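In: compute the structure for the input listed below.
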Amino acid sequence: MRSAVISAFRTPDLRRKILFVLGIIILYRLGATIPSPGVDYQQVQQCLDDVSRGDSAGIYSLINMFSGGALLQLSVFAIGIMPYITASIIVQLLTVVIPRFEQLRKEGQSGQAKMTQYTRYLTVALALLQSTGIVALADRGDLLRDCQNGDQILRDQSIFGLFIIVLVMTAGACVVMWFGELITERGIGNGMSLMIFAGIAARIPAEGKTILDTRGGLVFFLVILAALAIVAGVVFIEQGQRRIPVQYAKRMVGRKMYGGSSTYLPLKVNQAGVIPVIFASSLLYLPNLILQLTQSQTAEPSWWQRAIQTYLVDPSNPVYILIYFLMIIFFTYFYVAVTFNPQERADEMKKYGGFIPGIRPGQPTADYLGYVLSRITLPGSIYLGTIAVLPNLFLEIGNSGGVQNIPFGGTAVLIMVGVGLDTVKQVNSQLMQRKYEGFLK
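Out: As a prediction, the model looks like this:
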């Protein structure tokens, strides 16, 4: 890997792309530290110290993790990349439900451009909705409930002042989306994934220092060893795949003969990526959000509020862990079924004269692909669920605040390892292209 990085910086074109990506990430992190107009920065920092000792930030931990801690600071980029991720997932899932989207997906580059445009529109709407909700909670003092002065983090609480903050946060989400698209077009790797990677990586030093200060050097050393073991396991599983052999028959096109080659169809063990964890985490935060919006400080909580408080708020509760684990398994199967269609793959192979040795083309091939996919999805879903609930099982190792106080745990490690592997692969592929050009010349 070190030789690949050195070779990349020695290549002028790749060096420009890497420096461009680093420049965009620096701008992104700079915007994540600039407070929105009308926000009392000193009061927010004081409240964050109180929140780190409580559990009120748990409901926002997923968004706060993706934004690199910018959400609870109410910065310009507080919303971060989360609206674009949600919009992309929604549009991708709608391709199965809406025939128009399915037709656009098959039209190639023009259809993809149209779907990207729909994703941008939906991103703006979600960013506006999300920023409005966060500002409303901050105005009521419910965003940082463990802070004594949580209702004073906004200096200007008039309608116009709140509107300006919402507008700035929505514009910040649009700028972050633009940054991600610029990285994808002019840089290396997937822009949105790299933005998430930068946000997560920015929090690791502070979380490590918290564990070192509160738990001592021995626990910190054990956490580092556990993190390395988890990263090694995630890399091993993420690289695992089932290779189905595919043989292409010879065929004549004009005066040329094509085909006659053998290749394979790779099916990853973790075909769904980190999407099931995001789905499950988002749905488990909804009961907590409903509880915060409906719970009164004076009235006696009802039976369903007590049930949510008991089972769906504390991440270390066995019921919470079991529900979280089962939801990840369900969403893994659901997302794989949506994104991978065995019938389409079988039709494509049949169209170009491809077949699996020992399997007849057409419906038997589709049935075989579906059977293999269901077999490898089970260990993939169990792996995802195990990695995701590890921070919940070892919650006491951290600062006893929330799941995200354990670095290299759950969603964070899955995203960081996946993005890192994908980026390194793209760098290596571009280096190989340039090496082959030099060899041919």
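
In: thought Ala32 was touching Phe77?
Out: Yes - at 4.6 Å, Ala32 counts as touching Phe77 under the criterion of CB atoms under 8 Å. From N, CA and C alone the C-beta is placed, and that goes for glycine too.

In: give me the more crowded residue out of the two.
Out: Phe77 (30 against 23; other CB atoms under 10 Å).

In: just to be sure, the more buried one is in a helix?
Out: No - the assignment for Phe77 is coil, going by DSSP: H, G, I helix; E, B strand; the rest coil, so no helix is present there.

In: ok, it to Thr263 distance?
Out: Using CB to CB, to the nearest Å, one gets 43 Å for the distance from Phe77 to Thr263.

In: can I get the CA coordinates of the stretch of helix or strand Val96 belongs to in CSV?
Out: Taking DSSP states H and E as the criterion, Val96 maps to helix 82-97. Extracted C-alpha coordinates of helix 82-97, given in CSV (Å, rounded to 0.1, in the frame of the first residue of the first chain):
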residue,chain,number,x,y,z
MET,A,82,-27.1,12.5,5.7
PRO,A,83,-29.9,14.0,3.6
TYR,A,84,-28.1,13.0,0.3
ILE,A,85,-27.6,9.4,1.6
THR,A,86,-31.2,9.1,2.6
ALA,A,87,-32.4,10.5,-0.7
SER,A,88,-30.1,8.2,-2.7
ILE,A,89,-31.5,5.2,-0.7
ILE,A,90,-35.1,6.2,-1.3
VAL,A,91,-34.6,6.8,-5.0
GLN,A,92,-32.8,3.4,-5.3
LEU,A,93,-35.6,1.6,-3.5
LEU,A,94,-38.3,3.4,-5.6
THR,A,95,-36.8,1.9,-8.8
VAL,A,96,-38.5,-1.3,-7.8
VAL,A,97,-41.9,0.3,-7.1
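
In: what packs against that helix?
Out: helix 61-66, helix 99-105, helix 109-140, helix 159-186, helix 191-239, helix 275-294, helix 318-339 (3 or more CB pairs under 8 Å, 6 or more residues apart in numbering; DSSP states H and E).

In: please name every helix or strand in contact with the following helix or strand past the longest one.
Out: The reference is to helix 191-239. Under the assignment DSSP H and E, the closest C-terminal helix or strand after helix 191-239 is strand 241-248. For strand 241-248, the packing partners by 3+ CB pairs under 8 Å, 6+ apart come out as strand 262-268, strand 354-355, helix 363-393.

In: what helices and strands are in contact with the helix or strand that comes right after the last one?
Out: If I follow you right, that is helix 363-393. Counting by DSSP H and E, the element after helix 363-393 in chain order, helix or strand, is helix 411-440. Judged by 3+ CB pairs under 8 Å, 6+ apart, the packing partners of helix 411-440 are helix 2-10, helix 12-31, helix 61-66, helix 191-239, helix 275-294, helix 363-393.

In: try 7 Å this time
Out: Packing partners of helix 411-440 (3 or more CB pairs under 7 Å, 6 or more residues apart in numbering; DSSP states H and E): helix 2-10, helix 191-239, helix 275-294, helix 363-393.

In: contacts for the very next helix or strand once past the third one?
Out: Read in the C-terminal direction, the helix or strand following helix 275-294 is helix 303-311, with elements assigned using DSSP H and E. The set of residues external to helix 303-311 that reach it, using CB atoms under 7 Å, 6 or more residues apart in numbering, is 287, 291, 295, 301, 317, 319-320.

In: swap in stretch 380-387?
Out: 234, 237, 269-271, 276-277, 325, 328-329, 332-333, 410, 413-414.
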